[in-house]
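> Sequence first, predicted model second:
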Amino acid sequence: MNFSRARIAAIGYEIPPHVVSSADLEERLAPLYEALRIPRGQLEAITGIRERRYWSPGFRPSEGASRAGRKALEAAGVDPREVGMLIYAAVCREHLEPATACAVADRLGIGPDCQVLDVSNACLGVLNGMLLAAGAIELGHIRAGLVVACESAREIVDLTIARLNREPSMETLRKTLATLTGGSGAAAVLLTERSFLPGGRRLRGAVCRSAPRHHRLCTWGPDTGIPDGRAHMAETDAAEVLRHGVALGVETFEAFRRELALPEGAPDRIVCHQVGATHQRTFLEAVGIPAERDFTTFRFLGNTGTVSLPLTAALAEERGVLRPGELVGWLGIGSGLNCLMLAIDW
């Protein structure tokens, strides 16, 4: 899919205040480590994640999303009442209904003629939301769309640690290790029509591919306890997610370069969904991208789900890694399995 009118006007983000190291989690996992004779330091060694951030207990996702959204609007000088579509796209939501986007819209003072909705697609939610807003801009339905997300890992990590200490087995650890990489954060992406604001980063186009036959490899839930009332839990077959996810990523990247007619050596820079050291290294080697073209945050933020890619891009821009005139690729792979890649003229 190609775009000509949609621009990324601003990115806002919010980083939680509480730093939790991998050593902190291992301290809490002492019964498991002693039962399985696991030496300390393995969590960071395996994942490459030194620390992550948590919100304070009871912090509401709509608050984090609103903070990030307000920063994006203020950075672009856009009045909340000018937003024609507000999408909340995180995995973590406050209710089954109404949409968490409603709480965000209320906090921000969004106007009554705005479309307000949630979008859910594992770690790709923000990218999907961006394409929905960009499509509405291309059709002339809206002039500005705001996509927000807030993820919280504290609760699911607490449940996982309790389970691991209660069921100290290598099989349980294998299924839940990926959950321990989770971090928290909030992000917002404001998209506008090219004539609405001067400048901005042009959203050139996007390519998506899916492999839904692998949807059982990574699950988090259930949302409601219906039909069987199982306990809230996250489980991942990390080895198979890596194998099939990289294969899907390679297929998508080849289509990305071909269908968007990217020149040889493009994109100039990339920002990927932040999973961990092994995923980053394996994917970059598979698609032939030099590591120096990438920018990562997983070592100090962990895997922040839908928030990780836009937040990482914002930090990369702040630090001068993403520069005007460069072609930047946002490359996302999420459980399901789904893959989505965006080309942006920075």
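In hand now; what should we look at? Numbering: from 1, shown residues only.
> Ramachandran angles for the closest residue to residue 51 other than its chain neighbours?
In space, and not counting its chain neighbours, residue 51 is closest to residue 21: 4.4 Å by C-beta to C-beta, 6 or more residues apart in numbering. To be clear about C-beta, it is placed using only N, CA and C from the backbone, and glycine gets the same treatment. Reported as degrees, to the nearest 10, the phi and psi values for residue 21 are phi -80, psi 160.
> Residue 21 against residue 50, yeah?
Yes: counting by C-beta atoms under 8 Å, residue 21 does reach residue 50; the two are 6.4 Å apart.
> quick one: buried residues of the longest helix along the chain?
Longest helix of the chain, by residue count under DSSP state H: helix 238-259. Neighbour-count burial for helix 238-259 flags 238, 241-242, 244-246, 248-250, 252-253, 256-257 (criterion: 16 or more other C-beta atoms under 10 Å).
> okay, that helix in PDB with CA atoms only?
Only the C-alpha atoms of helix 238-259 are listed here, as PDB (Å, rounded to 0.1, in the frame of the first residue of the first chain):
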ATOM      1  CA  ALA A 238      10.100 -18.700  22.200                       C
ATOM      2  CA  ALA A 239      12.100 -21.000  19.900                       C
ATOM      3  CA  GLU A 240       9.300 -21.500  17.500                       C
ATOM      4  CA  VAL A 241       8.300 -17.800  17.600                       C
ATOM      5  CA  LEU A 242      11.900 -16.900  16.700                       C
ATOM      6  CA  ARG A 243      12.100 -19.500  13.900                       C
ATOM      7  CA  HIS A 244       8.700 -18.800  12.200                       C
ATOM      8  CA  GLY A 245       8.800 -15.100  13.000                       C
ATOM      9  CA  VAL A 246      12.200 -14.600  11.300                       C
ATOM     10  CA  ALA A 247      11.000 -16.600   8.300                       C
ATOM     11  CA  LEU A 248       7.900 -14.300   8.000                       C
ATOM     12  CA  GLY A 249      10.100 -11.300   8.600                       C
ATOM     13  CA  VAL A 250      12.400 -12.200   5.700                       C
ATOM     14  CA  GLU A 251       9.400 -12.800   3.400                       C
ATOM     15  CA  THR A 252       7.900  -9.500   4.400                       C
ATOM     16  CA  PHE A 253      11.100  -7.600   4.000                       C
ATOM     17  CA  GLU A 254      11.700  -8.900   0.500                       C
ATOM     18  CA  ALA A 255       8.100  -7.800  -0.400                       C
ATOM     19  CA  PHE A 256       8.700  -4.500   1.400                       C
ATOM     20  CA  ARG A 257      11.700  -3.600  -0.800                       C
ATOM     21  CA  ARG A 258      10.100  -4.900  -3.900                       C
ATOM     22  CA  GLU A 259       6.500  -3.500  -3.700                       C
END
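> can you list contacts of that helix?
Helix 238-259 has contacts (C-beta atoms under 8 Å, 6 or more residues apart in numbering) with 174, 177-178, 205, 207-211, 214, 217-218, 262, 266, 278-279, 282-283, 286-287, 329, 331, 333, 335, 337, 339-341, 343.
> now the residues you listed: which count as buried?
Buried by 16+ other C-beta under 10 Å: 177-178, 205, 207-211, 214, 217-218, 262, 266, 279, 282-283, 287, 329, 331, 333, 335, 337, 339-341, 343, out of the contacts of helix 238-259.
> What score does residue 199 have for pLDDT?
Looking at residue 199, its pLDDT stands at 82.
> got a list of what the closest residue to residue 182 other than its chain neighbours touches?
Spatially, and ignoring its direct neighbours in sequence, residue 182 is nearest to residue 153 (3.3 Å; C-beta to C-beta, 6+ apart). Residues in contact with residue 153 (C-beta under 8 Å, 6+ apart) are 52, 54, 182, 183, 184, 302, 304.
> hang on, the earlier thing: next one: the residue nearest to residue 51 from residue 15, what distance?
15 Å (C-beta to C-beta, to the nearest Å).
> who's more crowded, these two?
Per other C-beta atoms under 10 Å, whichever of residue 21 and residue 15 has more neighbours is residue 15, with 20 against 15.
> OK, contacts around that one?
Neighbours of residue 15 in contact, by C-beta under 8 Å, 6+ apart: 53, 185, 301, 311.
> how about low-confidence regions in the stretch 101-250 of the chain?
The stretch 101-250 of the chain contains residues with pLDDT under 70 at 224-230.
> Identify each of the strands in it and give its residue range.
Along the stretch 101-250 of the chain, counting by DSSP state E, counting those that start in this stretch, strands occupy 115-118, 144-151, 185-193, 201-210, 218-221, 233-236.
> Listing partners with orientation, what would you give for the first one?
Applying DSSP bridges, strand 115-118 is found paired with strand 85-88 (parallel).
> hmm, who's touching the partner strand?
62, 65, 69, 99-101, 104-105, 108, 110, 114-119, 129, 132-133, 136, 141-142, 144-149.
> Just the buried residues of those residues.
Neighbour counting over the contacts of strand 85-88 (16+ other C-beta under 10 Å) leaves 62, 65, 69, 99-101, 104-105, 108, 110, 114-119, 129, 132-133, 136, 142, 144-149 as the buried ones.
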